[in-house]
Structure formats: structure tokens, C-alpha cells
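Participant: Coordinates for the following, if possible.
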Amino acid sequence: MAFKVGEGVATISKLVSWAVAYCIACLHQYTIFVTCFHLGSSNSYLDRISSSPSAPLQNYLQLDPKETALVLIEYQNEFLSEGGKLYEPLKECLAHTNMIENSAKLTKVAREKGAAIFHVPIMFREGAPEIYSKFGILSGIKEGGTFQEGTWNAEFHPDMTPSPEDIIVKGKSGLCGFYSTNLDFLLRQRHIKNVVIGGLLTNCCVESTMRTAYEAGYQVYTLTDCTAAIGVDAHDSMYKHNAGMFSTVTNSGEVEKAFD
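Facilitator: Numbers count the residues shown, from 1 in each chain. Next up, the predicted model:
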């Protein structure tokens, strides 16, 4: 009888040990979840760079231009110029972020410092036969006849015209800058480690490209003042909730300083 009691105590002791270990493991997983959620949802950094866009970043970030690419998504008349089919819905956010002016200045600085400049336009043949989707944003592009190749609408905005040494990435017919193009090949060919992303739309092609670049192993930087969305709320929401999980959220002024 004494043997059975002792055996029972040992069994209970093991069960307690297992339960404690399980609780510790659960607590550890919960801590990881909360940390990731905080990274994605915290807006303290967004608030800082929004209120002080020229705040010094020398101790925060340094970029080697030879290992850095500025990836510029869809800087086209359809979005950015009066008369473009999508300009009116965007113009409030374009003014809010001062996107065109900031992007043009950063592009000039990055080019002078020796960083690679990649332009990633989107365009389709007449009728957009490249688009198969029957719903969502791509379906809307097809129905609206936007970004048709050979038209003024699909051309680059005058302030963002590529220089001869820039790279124009062709073939983008979806949301991500990587999937239907050879962008990844071109970046790796040049031994690029840092991908700095500007363009349109913040919560669509910019976000999709950001996520893919992150999973591909690049150091990713998203620019709050070189991007825009259809609505300021949509723009701010992406940076508040998602961008911090997949990129360093920054702005053009800080990246310019980081090249020095």
C-alpha cells in the first residue's frame, strides 16, 4: 500500500511539472504574439516622423548606397496628374503626404549618392486581356480601362521621369512588384540588400511589394511621405497596423540623411 501511495505522489508530481511547463510555453507564445501585435499596431514611430519629418536619424539608420535600391511603384499620370482617371480620389492624400515633391527630391539624392533606382510601372494592353480576375481591384482596372499602354495615362509623371541610368522594371500586371516581373532577379544581380519603397497605393501595391520583399530576405523600408492611398485614413491605417511588421517605417528626409 505504501508503494502505491508513493507511486501516486510521483505521478501527481510529474503531472504538475508537465502542467507548469505547458503554462510557461503558452505564456512564451502569448508574449511573442503580443510583441508582434505591438510592432504592427504601435503608432508612436508614425506619430514621430509625421510630426517631425526632418528629425535626425543618424543614430537610427545608415544605408550603403551600393547595397540600396529605391523602388518606385506606379508613378504614372493615371494616378498623379490632373486628368488621370484615378487622380481625383487620390489628390487629398497626395497633398497630405506631399508625395510627388518628396519622391522627386529623394530620387535625385539617392541617384547622386549611387543608389540604384527602380521604376515599376503597371500597364495593360487595350481591354486588359492580362487581367483574369472577375472581382476586386484588378477587375475594376479592367472595367475602367486604366493604365493602357501607349497612352498618356500610363506614362510617368513629368517629375518622376526615369534617368538613363535608372532601371525600368517591365511586366507588372498585378499588385506585387515582384510576382509578374524580374525585379528580384535585377535586385540580386546588383547585390542589393536594402529595398526602400515609395509609390502607390499605400495599402495595395506598396503593401504587397513590402511583404514580398520582407519574405525574400531584403531589409525593407517604407516611406510615409512618398506613398499615398485613396483616403488619408487608408494610408495611415497601413502604417499604423501593418507596415511595422514587415519594414522599417521611415520617410524621405531620414533616408536622405542615412546615405551620408
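Participant: the helices in this structure, which residues?
Facilitator: Counting by DSSP state H, one finds helices in the chain at the ranges 2-41, 44-51, 77-80, 87-97, 99-113, 136-144, 183-189, 207-215, 232-241, 243-246, 252-258.
Participant: Now do the third one, average pLDDT.
Facilitator: Averaging pLDDT along helix 77-80 gives 98.
Participant: repeat for the last one
Facilitator: On average, the pLDDT along helix 252-258 is 97.
Participant: so how far is that helix off the chain centroid?
Facilitator: 17 Å (Cα atoms, centre = their mean, to the nearest Å).
Participant: do stretch 191-209 as well
Facilitator: 4 Å.
Participant: Pull that stretch out as CSV, backbone CA atoms only.
Facilitator: Extracted in CSV, the C-alpha atoms of stretch 191-209 (Å, rounded to 0.1, in the frame of the first residue of the first chain):
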residue,chain,number,x,y,z
HIS,A,191,23.8,42.5,-54.7
ILE,A,192,21.1,44.8,-53.2
LYS,A,193,20.3,44.3,-49.5
ASN,A,194,18.2,47.3,-48.7
VAL,A,195,14.9,48.0,-50.5
VAL,A,196,13.3,51.4,-50.0
ILE,A,197,9.8,51.6,-51.3
GLY,A,198,7.7,54.5,-52.4
GLY,A,199,4.6,54.7,-54.6
LEU,A,200,1.0,53.8,-55.0
LEU,A,201,-1.2,52.7,-53.4
THR,A,202,0.0,52.6,-49.8
ASN,A,203,-2.4,49.8,-48.8
CYS,A,204,-2.3,47.9,-52.1
CYS,A,205,0.8,47.6,-54.3
VAL,A,206,3.1,49.2,-51.8
GLU,A,207,2.0,46.9,-49.1
SER,A,208,2.1,43.8,-51.3
THR,A,209,5.6,44.6,-52.5
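Participant: residues in contact with the nearest residue to residue 125 once chain neighbours are set aside?
Facilitator: Distances taken as Cβ to Cβ, 6 or more residues apart in numbering place residue 149 nearest to residue 125, at 6.1 Å, with adjacent residues excluded. C-beta here means a position set from N, CA and C on the backbone, and glycine is covered the same way. Contacts for residue 149 were tallied using Cβ atoms under 8 Å, 6 or more residues apart in numbering; they are 123-125.
Participant: same question, residue 200
Facilitator: For residue 200, the contact set (Cβ under 8 Å, 6+ apart) comprises 73-75, 79-80, 90, 206, 227-229.
Participant: Any chance of a PyMOL selection covering the buried ones in these?
Facilitator: Those of the contacts of residue 200 that count as buried under 16 or more other Cβ atoms under 10 Å are selected in PyMOL with:
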select buried, resi 73+74+75+79+80+90+206+227+228+229
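Participant: so where is the stretch 151-260 of the chain shaky, pLDDT-wise?
Facilitator: For the stretch 151-260 of the chain, applying pLDDT under 70 flags no range at all.
Participant: Go again with 90.
Facilitator: The model of the stretch 151-260 of the chain has pLDDT under 90 over residues 260.
Participant: What separation do you get for the residue lying closest to residue 192 once chain neighbours are set aside and residue 243?
Facilitator: Nearest non-adjacent residue to residue 192, counting by Cβ to Cβ, 6+ apart: residue 69, 4.6 Å away. According to Cβ to Cβ, to the nearest Å, residue 69 and residue 243 sit 18 Å apart.
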